[in-house]
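Q: structure here, sequence nowhere to be found:
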């Protein structure tokens, strides 16, 4: 199993009283609430944390993209990945991901990812994400064509990385006369591609298509959902496309916190986990699901179960549902081993920092995870996996 | 009750409601979809042949694969008028439908007799953006649509009624189609202003003085760009003008058109 440390880089110094006056820390939470002096300290601290995790043996470090919000202050993960690229010597650097379709010109991202891949000698993982609903408000991009643009931007970028240029590209959303990206990426045929998702059948079917076989990463979901989606990947590969998906095509992305005892771990993690879900990730339906962003059917289902999307979470509830893993090294090792036995995922993308977790606890968490948990998880492979049976997966 | 009719134009089955006798009046609905056939429409049909199509991708009309922006819809309606052989049209549009009417008229007024824009979207008026229809929770919308607290209350009650799966699907479909056209730039086309001078038919701008969705400053902006237009402001009236002030709106719309038959 490969293990990554993921950072969202939240604006942890947020004035929570001020934030409470707004429906969400996305879209319209005034940027006067961002203090660049605190931002300076946070960015450097967060980069240090990722570098430490890489030094202590994580297979990779991961960053991602979010716009105009306090949840994650990396509007360009290319900047953070670039900052990491010279300090992180051997671990992979994963951008999970870039919103290629959110851009007016995805070629700029194709160029930048290729640069990082060259600088790092092929250690880049390129994540392709659509961005979340709120970002379609913030960036002025039409959510109705989000999926189409996402897929078209992907086709353009992969062709730009793999086909000799210059060539012409004629899409519905993007047209270019001269696609001729310099530099070409280091990896052949192109940087490894991952598709982080909150769970969508369209994304799954596209991701595991035989022409792609990209890594599917399920983020911040109850274990039942993780289980459904990761198994669905194997099921679709087997039944629809007629091949057996490798376990290294599956990733699980979740907050993880380790301390000496279960009680201590929960006491330390609880307020910060709750801040992640209840403060930073909380937003009204109009922000999260703009029209056309999801299929009509999924939106109708969400309207029928309104409020259930992001209700108030408790640290205990998050752990109980398997959205996060918190506990002593022994507990965390056992839970991962058990979950791996059931699902066989080949990658874990662990948020070893989340919400408002302070620097000292984050460092302690990284050190303890890398010392006490990592060595037990790395050897896990298909021999420790119960295996997959076609037809056993409940329908999505 | 109006007659329901379907016509196929540009490979899209378009549904329309039709009622009355007399000069042709085409009514273009707003982003919330086809209007219920209220007394306002019945009264209008006493004096005009009222034709109210559901826009492609809205209401009972087919999804239109080709629909990407307001310009597509404007060209579609030029084809629609031709296919229906409509002439001397009194073209009336409300909100997004008003914007659409203006977009049609800058392209061609050949079949248009008069143009009436009610609380029309379409222009960006710096400092006067209306309430964001995509960011505001539905339950917060009624006070932004009506001035009259009774109407606000009525709208809230209507919204609170449980919806069937079919009704929810329709709502989402309309919302998605509206987003396709209105999302960005929000409810406007930056190119529209520079071509409004092409409108060479009698034009009537009608605004509620308390419109919070497309504030009255947008009416003023249209007036500046179409100097020959008549500009009527209705007192104590919000965005939902035909519901809030049906009598005044009937007089304003019908008299202007009738005087120019």
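A: Done, it's in. This is a predicted model, so every value here is computed, not measured.

Q: which residues are in contact with the residue lying closest to residue A:145 once chain neighbours are set aside?
A: In this structure, residue A:145 finds its nearest non-sequential neighbour in residue A:173, 6.7 Å apart by C-beta to C-beta, 6 or more residues apart in numbering or on different chains. Every C-beta, even on glycine, is put in place using the N, C-alpha and C of the backbone. By C-beta atoms under 8 Å, 6 or more residues apart in numbering or on different chains, the residues touching residue A:173 are A:145, A:148-149, A:152-153.

Q: what about 10 Å?
A: Contacts for residue A:173 (C-beta atoms under 10 Å, 6 or more residues apart in numbering or on different chains) come out as A:101, A:104, A:106, A:142, A:145, A:148-153, A:156, B:68.

Q: wait, a helix at it?
A: No: using DSSP: H, G, I helix; E, B strand; the rest coil, the secondary structure at residue A:173 is coil, not a helix.

Q: what's the separation between it and residue A:314?
A: Distance from residue A:173 to residue A:314, counting by C-beta to C-beta, to the nearest Å: 42 Å.

Q: the contacts of residue A:173 in helices, which ones?
A: If you go by DSSP state H, the contacts of residue A:173 have A:106, A:148-153, A:156 in helices.

Q: nearest to chain B among those?
A: residue A:148 (10.8 Å; C-beta to the nearest C-beta).

Q: which residues does the closest one contact?
A: Neighbouring residues of residue A:148 by C-beta under 10 Å, 6+ apart: A:101, A:142, A:171-173, A:292.

Q: can you show me the strands along chain B?
A: Chain-ordered strands for chain B, with DSSP state E as the definition, fall at B:3-9, B:12-19, B:24-28, B:49-53, B:89-94, B:112-118, B:203-208, B:230-234.

Q: distance between stretch A:339-356 and the chain's centre?
A: Its chain's C-alpha centre and that of stretch A:339-356 lie 11 Å apart, by C-alpha atoms, centre = their mean, to the nearest Å.

Q: that one: end-to-end distance?
A: Terminal residues of stretch A:339-356 lie 27 Å apart, using C-alpha to C-alpha, to the nearest Å.

Q: please list the residues of chain B that sit near chain A.
A: B:68-69, B:132-138, B:140, B:163, B:165-186 (C-beta under 10 Å from any C-beta of the partner chain).

Q: need the buried ones from these selected in PyMOL.
A: With 16 or more other C-beta atoms under 10 Å in any protein chain shown as the criterion, this PyMOL line picks the buried residues out of those:
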select buried, chain B and resi 68+133+134+135+168+170+171+172+173+174+175+176+177+178+179+180+181+182+183+184+186
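
Q: residue A:1: which of the ones in helices among the contacts of residue A:173 is nearest?
A: Using C-beta to C-beta, residue A:150 comes nearest to residue A:1 of the ones in helices among the contacts of residue A:173, at 28.5 Å.

Q: need the contact list for the closest residue to the closest one other than its chain neighbours.
A: For residue A:150, ignoring the flanking residues on the chain, the nearest one in space by C-beta to C-beta, 6+ apart is residue A:101 at 3.7 Å. By C-beta under 10 Å, 6+ apart, residue A:101 lies in contact with A:128-131, A:141, A:145-154, A:156, A:173-174.

Q: ok so, going back, tabulate the strands of chain B (CSV), appending mean neighbour count and mean pLDDT.
A: Converted to CSV, those look like this (neighbours: other C-beta atoms under 10 Å in any protein chain shown; pLDDT from 0 to 100):
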stretch, mean neighbour count, mean pLDDT
strand B:3-9, 13, 98
strand B:12-19, 19, 98
strand B:24-28, 24, 98
strand B:49-53, 23, 98
strand B:89-94, 28, 98
strand B:112-118, 26, 98
strand B:203-208, 26, 98
strand B:230-234, 17, 98
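
Q: okay, now the closest residue to chain B within the stretch 251-396 of chain A: neighbour count?
A: In the stretch 251-396 of chain A, the residue that lies nearest chain B is residue A:291 (4.0 Å; C-beta to the nearest C-beta). Here the number of neighbours of residue A:291 (other C-beta atoms under 10 Å in any protein chain shown) works out to 26.

Q: could you pull up phi and psi at it?
A: phi -60, psi 140 (degrees, to the nearest 10).

Q: how far away is it from residue A:285?
A: 11 Å.

Q: how about residue A:388: what's its closest non-neighbour residue?
A: residue A:234 (4.8 Å).

Q: ok, how many other residues are close to that neighbour?
A: Residue A:234: 23 surrounding residues under other C-beta under 10 Å.

Q: quick check on the contacts of residue A:101: which are buried?
A: A:128-131, A:141, A:145-147, A:149-154, A:156, A:173-174.

Q: quick one on the thing from earlier: got a list of what the residue of the stretch 251-396 of chain A closest to chain B touches?
A: Contacts of residue A:291 (C-beta under 10 Å, 6+ apart): A:133, A:136, A:142-144, A:299, B:134, B:171-180, B:182-183.

Q: give me the pLDDT value at it.
A: According to the predicted model, the pLDDT of residue A:291 comes to 95.

Q: ok, residue A:186 next?
A: At residue A:186, pLDDT is 98.

Q: what number of residues lie near it?
A: Residue neighbour count, defined by other C-beta under 10 Å, stands at 18 for residue A:186.

Q: hang on, it packs against residue A:192?
A: No: at 11.3 Å, residue A:186 does not count as touching residue A:192 under the criterion of C-beta atoms under 10 Å.

Q: in what helix or strand does the residue nearest to residue A:388 lie?
A: Using DSSP states H and E, residue A:234 sits in helix A:223-239.

Q: next one: that helix to chain centre, how far?
A: For helix A:223-239, the distance to the chain centre is 18 Å (C-alpha atoms, centre = their mean).

Q: and that helix, which residues are buried?
A: Using 16+ other C-beta under 10 Å as the test for burial, helix A:223-239 gives A:223, A:225-238.

Q: what is in contact with residue A:291 and residue A:285 at once?
A: Joint contacts of residue A:291 and residue A:285 (C-beta under 10 Å, 6+ apart) are A:133, A:299.

Q: find the nearest non-adjacent residue to residue B:8, please.
A: residue B:14 (7.4 Å).

Q: OK, contacts around that neighbour?
A: So residue B:14 contacts B:5-8, B:53-56, B:58-62, B:64, B:76-77, B:80, B:83-84 (C-beta under 10 Å, 6+ apart).

Q: filter the residues you listed to the buried ones?
A: Among these, those buried by neighbour count (16+ other C-beta under 10 Å) are B:53-56, B:58-62, B:64, B:76-77, B:80, B:84.

Q: pull up the distance across stretch A:180-198, start to finish.
A: Span of stretch A:180-198 from end to end, C-alpha to C-alpha: 33 Å.

Q: list the buried residues in that stretch.
A: Applying 16+ other C-beta under 10 Å to stretch A:180-198 flags A:181, A:184-187, A:190-198 as buried.

Q: check stretch B:148-156 too.
A: Neighbour-count burial for stretch B:148-156 flags B:148, B:151-152, B:155 (criterion: 16+ other C-beta under 10 Å).

Q: and of those, the nearest to residue A:14?
A: residue B:152 (35.1 Å).

Q: contacts only, for the closest one.
A: Applying C-beta under 10 Å, 6+ apart, the residues near residue B:152 are B:141-146, B:238.
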